[in-house]
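[1] give me the fold of what follows.
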Amino acid sequence: MLRTVICDLAHLRLNPAAVCVTQVREKGHLSRPRLRNPYWFTRQQRSQTDDLVTGENRSFIKEVVHDTYGVPALIKGVQTYEQKQLIKTTEAPSTDAALWTPNVRRCGLIARKIGQYPLWLKNGERVRTTLLQVVDNHVIKYIPPEEYRPAQRPKMPHLNRFGCVVVGAESTNPALLTKEYCGIFKDSGVMPTKNLARFIVSPQAALAPGTPLNVGHFRVGDFVDVRGKTVDHGFQGVVKRHGFKGMPASHGVTKTHRRPGNIGGGGEKGRVWPGTKMPGHMGNRWRIIKGLRIWRINTKYNVMWVQGSAVPGSTNGLVYIYDTILPLRRPKDAPPFPTLYETENEDVPEDIWYDQVHNFKDDTITYKPE
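    Predicted coordinates for the structure are as follows:
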């Protein structure tokens with residue numbers, strides 16, 4: 001056996017090209033689900049212990065929170081806090097379309113997948129759509145390119161040319177969070193949020209801390225990419241995980257109805273090839289679905305209708321929305337850049353429909369007098 005190992009090592013040394021290629025079916029790496037955040041993440045929730053706080057002190061803490069961040073309010077269908085006195089966003093800058101180019105990366109949004117709903121086009125075609133609600137998004141921080149050094153480097157070229165925008169969603173009571181986590185929001189003027197996301201942006205698309213982000217960041221008819229975590233199904237067999245047909249229910253089949261069958265050949269290839277479809281953990285992976293058209297937008301509740309019903313994630317799950325990277329579906333003209341700044345006196349329509357979508361609120365049958 002030792003002689004065989006020495007011969008194999010000598011063969012590899014003489015022929016280095018023999019170890020350069022490894023055939024892997026379906027994928028090039030093992031993507032295992034991550035059950036916890038990396039160790040360098042700041043701890044979010046503190047231990048809920050009885051600190052012998054009296055009822056009067058609890059009410060006093062609640063009054064301080066309300067005086068600092070405002071009273072609880074229902075804004076665009078989302079339970080949050082009134083933060084008008086904390087938003088440090090300056091006046092909307094003058095729109096300069098010359099700053100936008102098709103290669104500019106804008107900031108994205110954090111939304112929740114709230115369900116599916118069909119729409120009909122004017123030619124009678126039925127379209128399946130998914131409803132995504134933008135939930136109380138605010139800019140927390142902007143990191144310029146010279147300071148952006150991520151712990152895990154994203155797989156994108158020329159990363160040193162881009163900055164990073166940290167966006168928070170869904171405000172929560174700061175008394176439930178740790179002191180270190182609340183320190184992230186110290187200079188932004190925004191109430192601490194439950195969810196944070198980082199978006200890589202171009203320097204000319206930078207946003208000031210405290211800027212609110214709404215569904216008007218995108219336009220009807222544009223294409224977006226949606227990233228979400230698939231539903232966690234746990235350990236599953238090959239029939240459910242990979243769609244195997246299985247063996248017959250009778251005619252001599254014994255205890256192999258839902259088994260994978262043969263997983264490898266003999267001879268020189270007497271092993272199991274990496275990437276072979278076998279039972280294992282199903283779901284709980286990050287997936288991106290690209291090139292989804294926005295058919296309808298509701299500005300009252302910050303909801304958008306996007307193409308298809310294959311948006312990853314379960315109902316009420318978090319998703320991240322970006323401008324699409326598909327070259328043939330990028331916008332031809334400038335979108336709201338760097339974002340849409342809403343004013344109180346601006347009259348915005350509640351529902352915005354794509355021109356090919358049939359609006360059931362319009363009159364479809366007209367009668368002419370005889």
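[2] run through who's touching the helix or strand encompassing Ile110.
    Using DSSP states H and E, Ile110 sits within strand 109-120. For strand 109-120, contacts defined as Cβ atoms under 8 Å, 6 or more residues apart in numbering pick out 126-135, 137, 167-169, 195, 197, 213, 215, 217-218, 228, 295-296, 303-305, 309, 311, 313-321, 357-358. From N, CA and C alone the C-beta is placed, and that goes for glycine too.
[3] ok, now stretch 143-155?
    Stretch 143-155 is contacted from outside by 38, 40, 159-166, 198, 200, 203, 206, using Cβ under 8 Å, 6+ apart.
[4] dump the residue contacts of the closest residue to Gly261 other than its chain neighbours.
    Nearest non-adjacent residue to Gly261, counting by Cβ to Cβ, 6 or more residues apart in numbering: Met247, 7.7 Å away. Applying Cβ under 8 Å, 6+ apart to Met247 gives the contacts 253, 256-259, 261.
[5] closest one of the residues you listed to Asp351?
    The closest of the contacts of Met247 to Asp351 turns out to be Arg258 (Cβ to Cβ; 47.9 Å).
[6] before we move on, the earlier item: strands paired with the strand holding Ile110, and their directions?
    strand 126-134 (antiparallel), strand 317-323 (antiparallel) (DSSP bridges).
[7] Three-state assignment for Asp67, please.
    Of the three states, Asp67 takes helix under DSSP: H, G, I helix; E, B strand; the rest coil.
[8] burial count for it?
    By other Cβ atoms under 10 Å, 9 other residues sit near Asp67.
[9] same deal with the one 10 residues further on?
    Applying the criterion other Cβ under 10 Å, we find 14 residues in the vicinity of Gly77.
[10] likewise for Pro336?
    15.
[11] quick one: contacts for it?
    Pro336 touches 216-219, counting by Cβ under 8 Å, 6+ apart.
[12] and the end-to-end length of stretch 192-206?
    End-to-end distance of stretch 192-206: 21 Å, with Cα to Cα, to the nearest Å as the criterion.
[13] do stretch 304-323 as well
    Using Cα to Cα, the two ends of stretch 304-323 sit 14 Å apart.
[14] next one, pLDDT for the residue nearest the centre of the chain please.
    Residue closest to the average C-alpha location in the chain (Cα atoms, centre = their mean): Tyr320, at 2.2 Å. With respect to pLDDT, Tyr320 scores 96.
[15] what do you get for the one 3 residues further on?
    Here, the pLDDT recorded for Asp323 equals 95.
[16] how far away is it from Pro102?
    10 Å (Cβ to Cβ, to the nearest Å).
[17] quick revisit: of the contacts of stretch 143-155, which belong to strands?
    In strands, judged by DSSP state E, the following of those are found: 163-166, 198, 200.
[18] give me the buried subset of those.
    Buried members of the ones in strands among the contacts of stretch 143-155, scored by 16 or more other Cβ atoms under 10 Å, are 163-166, 198, 200.
[19] related to what we said a few turns ago, looking at the contacts of Met247, spot the one nearest Val71.
    The closest of these, once distances to Val71 are taken by Cβ to Cβ, is Arg258, at 56.4 Å.
[20] Serialize the buried ones among the ones in strands among the contacts of stretch 143-155 to a markdown table and add fields for pLDDT.
    Shown next, in a markdown table, are these (pLDDT from 0 to 100):
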| residue | pLDDT |
| --- | --- |
| Gly163 | 94 |
| Cys164 | 94 |
| Val165 | 95 |
| Val166 | 95 |
| Arg198 | 94 |
| Ile200 | 94 |
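[21] export these to TSV and tack on distance to Ile110?
    Formatted as TSV, these follow (distance: Cβ to Cβ, whole Å):
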residue	distance to Ile110
Gly163	18
Cys164	15
Val165	12
Val166	11
Arg198	11
Ile200	15
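[22] so the nearest residue to Ala205 once chain neighbours are set aside: helix, strand or coil?
    Ranked by Cβ to Cβ, 6+ apart and with sequence neighbours excluded, the top spatial neighbour of Ala205 is Pro338, at 4.5 Å. Put simply, Pro338 is coil when judged by three-state DSSP.
[23] need the max-distance pair from the contacts of stretch 143-155.
    By the measure Cβ to Cβ, Pro38 and Pro203 form the most distant pair in the contacts of stretch 143-155, at 27.1 Å.
[24] higher neighbour count, those two?
    In terms of neighbours (other Cβ under 10 Å), Pro203 is the more surrounded of Pro38 and Pro203; the figures are 14 against 8.
[25] who does the spatially closest residue to that one that is not a sequence neighbour form a beta bridge with?
    Once flanking residues are discounted, Pro203 sits nearest to Gly163: 5.6 Å by Cβ to Cβ, 6+ apart. Gly163 has these beta-bridge partners by DSSP bridges: Val201.
[26] and of the strands paired with strand 109-120, who's closest to Arg58?
    Of the strands paired with strand 109-120, nearest to Arg58 by Cβ to Cβ is strand 317-323, at 30.2 Å.
[27] list the helices and strands the helix or strand that the closest one is followed by packs on?
    Next helix or strand after strand 317-323 toward the C-terminus (DSSP H and E): strand 351-353. Contacts defined by 3 or more Cβ pairs under 8 Å, 6 or more residues apart in numbering; DSSP states H and E place strand 351-353 against strand 286-298.
[28] quick one: the strand it packs on to strand 126-134, angle?
    Angle, strand 286-298 to strand 126-134, by axes from the mean of the first three to the mean of the last three Cα atoms, to 10 degrees: 100 degrees.
[29] name the residues of strand 286-298 that are buried.
    Neighbour-count burial for strand 286-298 [16+ other Cβ under 10 Å]: 289, 291-298.
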